[in-house]
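Chemist: dropping a prediction and its sequence here:
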Amino acid sequence: MTTNESANGSSVSRRTFLNRFGNGLGGVALANLLMKEQAPAAEFHHPAKAKRIIYLFMSGGPSHLDLFDYKPVLNQRHGEQIPDSVRGMQRLTGMSGNQSSIPLVGSPFKFAQYGPQGAWVSELLPHTASVAGDLCFVNSMSTESINHGPGVTFFQTGSQIAGRPSMGAWLSYGLGSMNDNLPAFTVLITKGKGGQPLGAHLWGSGFLPSKHQGVQLRASADPVLYLSNPAGVTSESRRLLLDRLKELHQHQLEGAPDVEISNRMDHYEMAFRMQSSIPEATGIGSEPQHVLDLYGPDVKTPGTFAANCLQARRLAERGVRFIQLYHQDWDHHGGLPGAIPRLAKETDQPAAGLIKDLKQRGLLDDTLVVWGGEFGRTAYCQGKIAKNFGRDHHPRCFTAWIAGGGIKAGFKYGLNDDFGYNVVADGLHIHDFHATLLHLMGIDHERLTYKFQGRRYRLTDIHGHVVNPLLA
């Protein structure tokens, strides 16, 4: 008799054979192997400076040249061709690579310096300027991605190719949850925005156990889809159903050890607890007016960036490990002078209000807040120079800011050239960015790994270094 046939001739899997025969030793060994493969690869590797991350992602590639990088040379040489010594042999996108003219274009917005190191901030971001002393500006970010899909995926997963676990999933896997009644990883997306679409792979668990994927909270009566009981189903009957279902899953688990069976049980139990925890966490009725005022006039409108920033603070104080906010429509190939002030107005006060709110509650000390997009914009104009010009994608250098949780406050890091085109000192690649954030969370990025298809993977792949000058 082969391992694929039972005594009565019915077909059984090798896994089932090991469990049913051999006095259970095969099943015990298999279960042990499965649990070893699925167990977290790391606890805290060193003392953590931060307990959680709130990531404000500006999808589309916000123009660093009109928000954080003051470049008077661009205004002085407005309309001139970009020098060959600056561009070199670097490729351009298909959207501007066929232009016969590549004219430099200066920013129409005024800049001033703020904070102890005199960080440049545009007039479009007055509220961000007011908290500059709490922020660390990185003016030397870089990426290989020149298009949105791979660019956003790279920042969220450490790879340009979809399918890898997202940063939030890695943190959930490595550190676990701080709250039994809420997910370790949540996602909020500004409602009604256009631009490049955002796929669920950006907050997926990839090859990690599915319980580590992000849970999207929507701006609706039911923030989590299918969480509420249908008509006629009570909480008591739901509890009874889950108890019986758990018994069936336990029976299945004994016959065929599989971590995904345990994950399904965890999902059902978490969903049951979230029926009460999610309405409490997402309701803002108890927030005093002076707190609402921090986030601006849109805070009471569900789905706005302001409302999502307040939700992020509420989730943070309730123990959610990783809170991802997406704000789309920063892709300004044309119409930049008219569009970017609107985007800045939508996000400026809420982001600054979040910093102030966390700080006044003592949460900023152990919360990392990150602001940035997938790349920057070019120093030259896409198409012909016009009053309402646009800028193309630019991955060579751009700006992000980080605050809280062990990061130097009121600090500037990195230097790019007078054209905002190339990094000239202290470049910070995405892998270094990820390694540094993990370090602040108490994780050695080289030790948080997961074996999949014969290889050990990590968020930083085979790259990345902790950028010590950023650490307080």
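Modeler: Thanks, I have it.

Chemist: low-confidence stretches in the stretch 251-400 of the chain?
Modeler: Low-confidence segments of the stretch 251-400 of the chain (pLDDT under 70): 272.

Chemist: tell me where it has strands.
Modeler: For the stretch 251-400 of the chain, strands defined by DSSP state E, counting those that start in this stretch occupy the ranges 322-327, 367-372, 376-381, 391-394, 398-403.

Chemist: what lines up beside the second one in the sheet?
Modeler: Next to strand 367-372 in the sheet, as set by DSSP bridges, lie strand 52-58 (parallel), strand 398-403 (antiparallel).

Chemist: out of the ones you listed, the one nearest residue 348 is which?
Modeler: strand 52-58 (11.2 Å; C-beta to C-beta). All C-beta atoms are positioned from the backbone trio N, CA, C, and that covers glycine.

Chemist: which residues does the next helix or strand after the closest one contact?
Modeler: Scanning forward in sequence from strand 52-58 by DSSP states H and E, the next helix or strand is helix 72-76. Contacts to helix 72-76, defined as C-beta atoms under 8 Å, 6 or more residues apart in numbering, come from residues 65, 104, 105, 106, 107, 379, 418, 419, 420.

Chemist: please pick the buried ones from those residues.
Modeler: Buried by 16 or more other C-beta atoms under 10 Å: 65, 104, 105, 106, 107, 379, 419, 420, out of the contacts of helix 72-76.

Chemist: not counting sequence-adjacent ones, nearest residue to the fourth one?
Modeler: With C-beta to C-beta, 6 or more residues apart in numbering as the criterion, residue 106 has its nearest non-adjacent residue at 3.3 Å, and that residue is residue 75.

Chemist: roughly how far does that neighbour sit from residue 244?
Modeler: Distance of residue 75 to residue 244, computed by C-beta to C-beta, to the nearest Å: 71 Å.

Chemist: these two: who's more crowded?
Modeler: Per other C-beta atoms under 10 Å, whichever of residue 75 and residue 244 has more neighbours is residue 75, with 13 against 9.

Chemist: what's the spacing between that one and residue 469?
Modeler: From residue 75 to residue 469 the distance is 31 Å (C-beta to C-beta).

Chemist: again with residue 52
Modeler: 23 Å.

Chemist: more crowded one of these two?
Modeler: It is residue 52, of residue 52 and residue 469, that has more neighbours when counted by other C-beta under 10 Å, with 25 against 12.

Chemist: hey, what's that one bridged with?
Modeler: Going by DSSP bridges, residue 52 forms beta bridges with residue 367.

Chemist: ditto for the one 5 residues further on
Modeler: With DSSP bridges applied, the residues forming beta bridges to residue 57 are residue 326, residue 372.

Chemist: so who does it touch?
Modeler: 152, 155, 156, 324, 325, 326, 327, 372, 373.

Chemist: repeat that with 7 Å
Modeler: 324, 325, 326, 372, 373 (C-beta atoms under 7 Å, 6 or more residues apart in numbering).

Chemist: so the third one sits against residue 59, correct?
Modeler: If I follow you right, that is residue 326. Yes - counting by C-beta atoms under 7 Å, residue 326 touches residue 59, with 5.5 Å between them.

Chemist: need the residues touching each of those two.
Modeler: residue 198.

Chemist: who has more neighbours, the two?
Modeler: Using other C-beta under 10 Å, the more surrounded residue of residue 326 and residue 59 is residue 59, with 25 against 22.

Chemist: which residue sits closest to that one in space, ignoring its chain neighbours?
Modeler: residue 328 (4.6 Å).

Chemist: quick one: the one you found from residue 132, how far?
Modeler: Residue 328 is 25 Å from residue 132, by C-beta to C-beta.

Chemist: neighbour-wise, which of those two wins?
Modeler: residue 132 (24 against 19).

Chemist: ok, the more buried one touching residue 119?
Modeler: Yes - in this structure, residue 132 is within contact of residue 119 by C-beta under 7 Å, at 5.3 Å.

Chemist: all the helices of this structure, residue numbers only.
Modeler: According to DSSP state H, the chain carries its helices in the segments 14-20, 25-38, 72-76, 84-87, 126-130, 148-157, 167-175, 235-255, 259-282, 289-295, 305-317, 336-360, 430-440.

Chemist: can you tell me which of the buried ones among the contacts of helix 72-76 is nearest residue 337?
Modeler: Nearest member of the buried ones among the contacts of helix 72-76 to residue 337, counting by C-beta to C-beta, is residue 107, at 8.9 Å.

Chemist: what's near enough to touch the closest one?
Modeler: 65, 66, 74.

Chemist: for those, which one is nearest residue 454?
Modeler: Out of those, the member with the shortest distance to residue 454 (by C-beta to C-beta) is residue 65, at 44.9 Å.

Chemist: so what's the closest one closest to, chain neighbours aside?
Modeler: residue 420 (4.9 Å).

Chemist: what pLDDT does that neighbour get?
Modeler: Residue 420 is assigned a pLDDT of 97 by the prediction.

Chemist: for residue 396, see how far away it is.
Modeler: Distance from residue 420 to residue 396, by C-beta to C-beta: 9 Å.

Chemist: what does residue 323 give?
Modeler: In terms of C-beta to C-beta, residue 323 sits 30 Å off from residue 396.

Chemist: of these two, which one has the most company?
Modeler: Relative neighbour count places residue 323 above the other of residue 323 and residue 396, with 28 against 24, counting by other C-beta under 10 Å.

Chemist: who touches the spatially closest residue to residue 309 that is not a sequence neighbour in this structure?
Modeler: Excluding its sequence neighbours, the residue lying closest to residue 309 (C-beta to C-beta, 6+ apart) is residue 350, at 4.1 Å. Neighbour list for residue 350: 295, 296, 305, 306, 309 [criterion: C-beta under 7 Å, 6+ apart].

Chemist: could you flag which of these are buried?
Modeler: With neighbours counted by 16+ other C-beta under 10 Å, the contacts of residue 350 contain buried members at 295, 296, 305, 306, 309.

Chemist: switch the residues you listed over to a markdown table; also include distance to residue 461.
Modeler: Formatted as a markdown table, those follow (distance: C-beta to C-beta, whole Å):
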| residue | distance to residue 461 |
| --- | --- |
| 295 | 37 |
| 296 | 39 |
| 305 | 31 |
| 306 | 36 |
| 309 | 31 |
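
Chemist: out of those residues, which is nearest to residue 271?
Modeler: Closest to residue 271, out of all of the buried ones among the contacts of residue 350 and judged by C-beta to C-beta, is residue 309, at 25.8 Å.

Chemist: residues contacting the closest one?
Modeler: Counting by C-beta under 7 Å, 6+ apart, residue 309 has contacts 295, 325, 350, 351, 353, 354.

Chemist: so which of the residues you listed is the closest to residue 168?
Modeler: Closest to residue 168, out of all of the contacts of residue 309 and judged by C-beta to C-beta, is residue 325, at 11.7 Å.
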